[in-house]
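*Asks:* give me coordinates for this.
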Amino acid sequence: MRRLLAAALIVLAAGGATASAGRTPKYWIVLGSDRDGTSRAYSVRGDGSRLSPILTRPYTPLALSRDGRTIAYYGDFGLAVSRADGSRFHAVANSVYVSTPDEQPALSPDGRLVVFWRLSARGMWLARTDRRRPLRRLALNGIQADWAPDGKSLVLTDTASVLVQPLRGARRVVARGIDLAAPRWSPDGRFIAYVSQTKRAAQMGLWVVRPDGSGRHRVSREAPSTFAWSPDGRTLAYGRANGVAIVGVSGGGRRALRLGFAAAVSAWSPDGRQLALVGHKGDDPDQIWAGRPDGRGPRRLTNAGRNTALGWTALAPRLPRARPVPPAERVAGTRAVATRTPIGELSADGPRVAFVPNASGVDCDHVTVWAPAARKLVRLAARLPAPCENLGTVSYTIYDLELAGTRAAWADIEGCGNSCDVALSTATLARPLAAMVTDAGGGGGAGGGDFFDFHLRGHGGLLVYNGGYQEPELERIGNGRATTLRRGAHAGFAASVSGNRIAVQEPDAVTVLNAHGAVVRVFPFGRGEVRAVRLDGDRLVVTRGDELEVYDIATGAAELRRPLPSGDELTDADGGIAVLQRGNEILLLRLADGHSFTLAPGRAPVRADLEPTGLYLSYATAGGGGRLVLMPRAEVNRRLG
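*Replies:* Now for the predicted structure:
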């Protein structure tokens, strides 16, 4: 699934302490977050209180000095620094190169010097953060630099070796290997740890070596993307798929902490009693967590945006605490939901409706289910709000939403290149964590095009879609997986589901199947004549030419025909009432007597779905938001006379 852990985040250990009971935490975690739609720096106490911006400027924090007093940023004007409370902000250099996690700047332990990569020269440069001296180019070709605790040397890698470079003097190679990464100096200066990411079993893992190149040994066969030294330099902690591992510098005393989520980064507090972690559960974006090195008490400190952790500081931010991010949707009465953005997808079934608010700057598109009677919103996939990942020029990621009973399914764009990869996902109200049913490559690329159409259709406990590549297949979704109902003949595009019947639209016929995939009746038509197909209980409703026709499924007989208003499209049928749409107008037509009324609720996109509960209707508002309303069935019948 999308929104996976960041590959490598820079963590420079600084200070923090666990507060004793009843006391205000003394230390703050410095983090970066795009929770409000813009990447910027924040601080939060170790207990999760007082999340506060450090700067109002949209600068991304990249590094924290070892003493926890200086932050380095990247923004429109290049490299900048400030004190960890946000004061003394100023630019340091332009033409800075930070396109990959490997090329982040590195602050000296006291924050007075910074090493960074310049775009113009693609080399390493050294600058004083107070700008009192001009930039100095270092004769270094490497990445992922880290400073010695005394600030007199750097350690870096060129992927094939780990190098120690004094600020004055000749460099020396302290380790060689394959795919070496993330060298980090221990706080006591006695060791350098690094990762060998090669697939060769004899070399892969987390290694430790002395700064003179002696004593090289492996402490773990795992090759983490990030790790952190304990304050005393005796222990290392690194993230794993299901928690954190802690190992002694000699390789002994290893223990795994199962935290119930994938941990990417750990940073120790100076007293060694607390770990700051970056991780996520399910499809959530990365959040900041805090817990003890013994694995007890992991607590999530953030609840929105994509987050990175830099370390700890004793400096409290000067700015007031951050305001909560407004929700993407909220119940606005007994019969309405207000959304921050227009609603792109809508599917109702009985007393519930599922909908997808379009992506905003603070929240990607997602599936929410509204039960008007309970005045309750349930967000499926259990995904915390965060901006969308970059999908090129594609402005949405979810389409083909369908609700059947308490289960929803939808197509989810995973990413786009020359074509788009699409997953079919499902979740229920009882188990809102999304499960992938299947995946497929889309016909369109990042510029749009036609995405893979699963033809999702559902009602009650019956939810189906079309699969198969060699021949058509009709699949049924249940318990997060699919079973095949039918292959080959009459297994074409699912057009509608009602009760325990499925209508399949074919080039020259409409075939009605039962819930097991057996043929109930075939309705032959001229090739390409039928424009739209809907099931309404025991009746089949189709449009062809300029007519709307109704057939009895049991006998196959035509029951009635009515003129189809020019330009109208059949979108739904329920209880003898057809729902027709033309642009932003919705026409409800009672088939028995031809009585009708028209609604023009608002701006595009307009969606409508008729159920026994009533008409669920969504539209865009003038302010750029959206509205979802329920017109009770009694009101629908009253308007039809």
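*Asks:* given the lowest-mean-pLDDT helix or strand in the chain, what are its sheet partners and their directions?
*Replies:* The weakest-scoring helix or strand in the chain, judged by mean pLDDT, DSSP states H and E, is strand 262-268 (a mean of 78). In the sheet, strand 262-268 lines up against strand 275-280 (antiparallel) (DSSP bridges).
*Asks:* returning to what we had before: can you pull out the residues in contact with the least confident helix or strand of the chain?
*Replies:* Strand 262-268 has contacts (C-beta atoms under 8 Å, 6 or more residues apart in numbering) with 5-6, 9, 11, 13-14, 16, 29, 225-231, 237-244, 274-281, 286, 289, 293, 308-312. Where C-beta positions appear, they are placed from N, C-alpha and C, glycine not excepted.
*Asks:* pLDDT at residue 20, what is it?
*Replies:* On the pLDDT scale, residue 20 is placed at 38.
*Asks:* ChimeraX command for the buried members of the contacts of strand 262-268?
*Replies:* To isolate the buried ones among these in ChimeraX, judged by 16 or more other C-beta atoms under 10 Å, type:
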select :5,6,9,11,13,14,16,29,225,226,227,228,229,230,231,237,238,239,240,243,244,274,275,276,277,278,279,280,281,286,289,293,308,309,310,311,312
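*Asks:* strands of the stretch 1-150 of the chain, start to end?
*Replies:* With strands called from DSSP state E, counting those that start in this stretch, the stretch 1-150 of the chain shows them at 28-33, 40-45, 52-53, 60-64, 70-75, 78-83, 90-93, 106-107, 113-117, 124-128, 136-137, 143-147.
*Asks:* the fifth one vs strand 60-64, what angle?
*Replies:* Comparing the axes of strand 70-75 and strand 60-64 via axes from the mean of the first three to the mean of the last three C-alpha atoms, to 10 degrees yields an angle of 150 degrees.
*Asks:* list the buried ones in strand 70-75?
*Replies:* Buried residues in strand 70-75, counted by 16+ other C-beta under 10 Å: 70-75.
*Asks:* distance to residue 253 and pLDDT added to these, as CSV?
*Replies:* Converted to CSV, the buried residues of strand 70-75 look like this (distance: C-beta to C-beta, whole Å; pLDDT from 0 to 100):
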residue, distance to residue 253, pLDDT
70, 34, 98
71, 34, 97
72, 34, 96
73, 38, 94
74, 38, 89
75, 43, 84
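*Asks:* hang on, the earlier thing: among the strands of the stretch 1-150 of the chain, which gets the worst mean confidence?
*Replies:* Among these, strand 136-137 scores lowest, at a mean of 82.
*Asks:* shaky segments in the chain?
*Replies:* In the predicted model of the chain, residues 1-25, 97-102, 119-122, 139-141, 265, 382, 390-396, 417, 441-451, 469 satisfy pLDDT under 70.
*Asks:* can you give me the domain boundaries for it?
*Replies:* 28-313, 329-562 (automatic domain parsing).
*Asks:* and the strands in the stretch 351-500 of the chain?
*Replies:* Using DSSP E, counting those that start in this stretch, the strands of the stretch 351-500 of the chain run over 352-357, 368-371, 376-379, 398-404, 407-416, 420-428, 435-441, 457-459, 462-467, 473-478, 481-487, 493-498.
*Asks:* pick the most buried one from those strands.
*Replies:* Greatest average neighbour count among the strands of the stretch 351-500 of the chain goes to strand 352-357 (a mean of 26), per mean count of other C-beta atoms under 10 Å.
*Asks:* which strands and helices sit next to that one?
*Replies:* Here strand 352-357 touches strand 336-339, strand 343-349, strand 368-371, strand 398-404, strand 626-632, going by 3 or more C-beta pairs under 8 Å, 6 or more residues apart in numbering; DSSP states H and E.
*Asks:* in its sheet, what does the last one sit against?
*Replies:* Here strand 626-632 has these sheet partners by DSSP bridges: strand 336-339 (antiparallel), strand 614-620 (antiparallel).
*Asks:* any chance of a markdown table for those strands, columns mean neighbour count and distance to residue 257?
*Replies:* Shown next, in a markdown table, are those (neighbours: other C-beta atoms under 10 Å; distance: least, C-beta to C-beta, whole Å):
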| stretch | mean neighbour count | distance to residue 257 |
| --- | --- | --- |
| strand 336-339 | 20 | 40 |
| strand 614-620 | 24 | 45 |
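*Asks:* quick one: closest of these to residue 515.
*Replies:* Of all those, strand 614-620 sits nearest to residue 515, with 24.5 Å by C-beta to C-beta.
*Asks:* before we move on, back to that, reformat the helices and strands packed on strand 352-357 as a markdown table; add distance to residue 617.
*Replies:* Below are the helices and strands packed on strand 352-357 laid out as a markdown table (distance: least, C-beta to C-beta, whole Å):
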| stretch | distance to residue 617 |
| --- | --- |
| strand 336-339 | 10 |
| strand 343-349 | 9 |
| strand 368-371 | 12 |
| strand 398-404 | 15 |
| strand 626-632 | 5 |
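*Asks:* out of the strands of the stretch 1-150 of the chain, deepest packed?
*Replies:* Greatest burial across the strands of the stretch 1-150 of the chain, using mean count of other C-beta under 10 Å, falls to strand 28-33, with a mean of 28.
*Asks:* list the helices and strands that strand packs on?
*Replies:* Partner elements for strand 28-33 (3+ C-beta pairs under 8 Å, 6+ apart): strand 40-45, strand 60-64, strand 287-291, strand 307-313.
*Asks:* could the ones you listed be laid out in TSV, adding distance to residue 622?
*Replies:* Below are the helices and strands packed on strand 28-33 laid out as TSV (distance: least, C-beta to C-beta, whole Å):
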stretch	distance to residue 622
strand 40-45	30
strand 60-64	34
strand 287-291	35
strand 307-313	34
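*Asks:* count the neighbours of the closest residue in space to residue 239 that isn't next to it in sequence for me.
*Replies:* In this structure, residue 239 finds its nearest non-sequential neighbour in residue 263, 4.0 Å apart by C-beta to C-beta, 6 or more residues apart in numbering. Counted by other C-beta atoms under 10 Å, the residues lying close to residue 263 total 29.
*Asks:* what is the neighbour count of residue 315?
*Replies:* Residue 315 has 20 neighbours, counted by other C-beta under 10 Å.
*Asks:* residues contacting it?
*Replies:* 28, 68-69, 83-85.
*Asks:* contacting residues for the residue lying closest to residue 430 once chain neighbours are set aside?
*Replies:* In this structure, residue 430 finds its nearest non-sequential neighbour in residue 406, 6.7 Å apart by C-beta to C-beta, 6+ apart. Listed by C-beta under 8 Å, 6+ apart, the contact set of residue 406 reads 352, 428-430.
*Asks:* ok so, going back, beta partners of the residue nearest to residue 239?
*Replies:* Note on residue 263: beta-bridge partners by DSSP bridges are residue 279.
*Asks:* and it, how far is that from residue 599?
*Replies:* The gap separating residue 263 from residue 599 is 51 Å, by C-beta to C-beta, to the nearest Å.
*Asks:* again with residue 157
*Replies:* 65 Å.
*Asks:* repeat for residue 535
*Replies:* Counting by C-beta to C-beta, the separation of residue 535 from residue 599 is 23 Å.
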